[in-house]
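A.B. asks: Below is the sequence, then the predicted model.
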Amino acid sequence: MPWLLVGAPEPTQVAIIGPVDLVCATVDVAHVVTTHALATGDLTAARAAAQLAQLAAPYEEIPRLDLVAVWAADGHLEDSEAYLRGQVCNRSDDGGLPEDLSQRTQAILRNRQWLSRAG
């Protein structure tokens, strides 16, 4: 992936944005779009943004949690819980033991009560 130069009016104020920065920016913007779309009831846009973020960063938790939010908002509580358990809570990217959840993810799970709502 090529590098992107973002220039300011002064030639000494040029920032170099690399591929990792672009992936992070894609995830961040997609998260904002997903959050806004969920708030306005546009599940199609929310799903599309979350799926795009997951394609850009398949190992990130934010797109995974956004997908869970979309499924839960669409009334698919059992599917969202199964995905949440398998792809967030018990996920192992290297085939070993699941990683500890971040404090942010733990707070989201606690506040949303996603694991206690499915039938």
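C.D. replies: The structure has been received and is ready for your questions.

A.B. asks: Ala72 touches Glu78, doesn't it?
C.D. replies: No. Ala72 is beyond contact range of Glu78, at 10.2 Å (criterion: C-beta atoms under 8 Å). C-betas here are computed from N, CA, C, even on glycine.

A.B. asks: Could you check which of those two has the larger neighbour count?
C.D. replies: Neighbours per residue (other C-beta atoms under 10 Å) separate Ala72 from Glu78, with Ala72 holding more: 19 against 12.

A.B. asks: if I look at the nearest residue to that one once chain neighbours are set aside, how far off is Ala37?
C.D. replies: Of all residues not flanking Ala72 in the chain, Ser80 sits nearest, at 4.5 Å (C-beta to C-beta, 6 or more residues apart in numbering). Distance, Ser80 to Ala37, by C-beta to C-beta, to the nearest Å: 16 Å.

A.B. asks: try Gln113
C.D. replies: To Ala37, Gln113 is 22 Å away according to C-beta to C-beta.

A.B. asks: What of Pro58?
C.D. replies: Taken as C-beta to C-beta, the span from Pro58 to Ala37 is 21 Å.
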